[in-house]
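1. here are the coordinates; sequence isn't available:
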């Protein structure tokens with residue numbers, strides 16, 4: 001099983017206009033990974049993002065991770 005870890009953190013944004021959350025889903029993904037020293041699986045990331053902001057499609061998490069590897073994330 002492949003784990004993914006954050007390699008840098010983005011600057012937090014203001015409240016999202018649609019959800020009202022102070023962080024976007026993308027920022028929460030990075031935050032979740034930054035909090036986990038050994039990285040996480042896509043399922044673990046999706047579950048934690050959903051816990052923080054509500055339902056999230058695992059395919060959206062996978063897509064964000066794929067588009068930002070290796071710039072923000074590293075496969076472990």
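-> Cool, the structure landed. The model shown is predicted, which means the values in this text are computed figures rather than measured ones. Residues are numbered from 1 along each chain as shown.

2. Torsion angles phi and psi at the most centrally placed residue in the chain?
-> Closest residue to the average C-alpha location of the chain: residue 29 at 1.2 Å, with C-alpha atoms, centre = their mean. Dihedral pair for residue 29: phi -60, psi -50, per degrees, to the nearest 10.

3. Surely residue 30 is in contact with residue 71?
-> No - using C-beta atoms under 8 Å, residue 30 is not in contact with residue 71, being 11.3 Å away. Where you see a C-beta, it was placed from the backbone N, CA and C, and this is true even at glycine.

4. Which of those two has more residues huddled nearby?
-> residue 30 (23 against 9; other C-beta atoms under 10 Å).

5. Work out for me the element that one sits within.
-> Using DSSP states H and E, the element containing residue 30 is helix 25-34.

6. follow-up on the earlier one: my read is that the residue nearest to the centre of the chain contacts residue 44, right?
-> No - with contact defined as C-beta under 8 Å, residue 29 does not reach residue 44; the gap is 11.1 Å.

7. Can you get me the centre-to-centre distance for the helix or strand where residue 47 lies and its chain?
-> Using DSSP H and E, residue 47 sits in helix 42-53. Distance of helix 42-53 from the chain centroid (C-alpha atoms, centre = their mean, to the nearest Å) equals 8 Å.

8. could you give me the average pLDDT of that helix?
-> Taken as a whole, helix 42-53 carries a mean pLDDT of 93.

9. hmm, back to that, dump the residue contacts of the residue nearest to the centre of the chain.
-> Residue 29 sits next to 45, 49, 61, 64-65 when contact means C-beta atoms under 8 Å, 6 or more residues apart in numbering.
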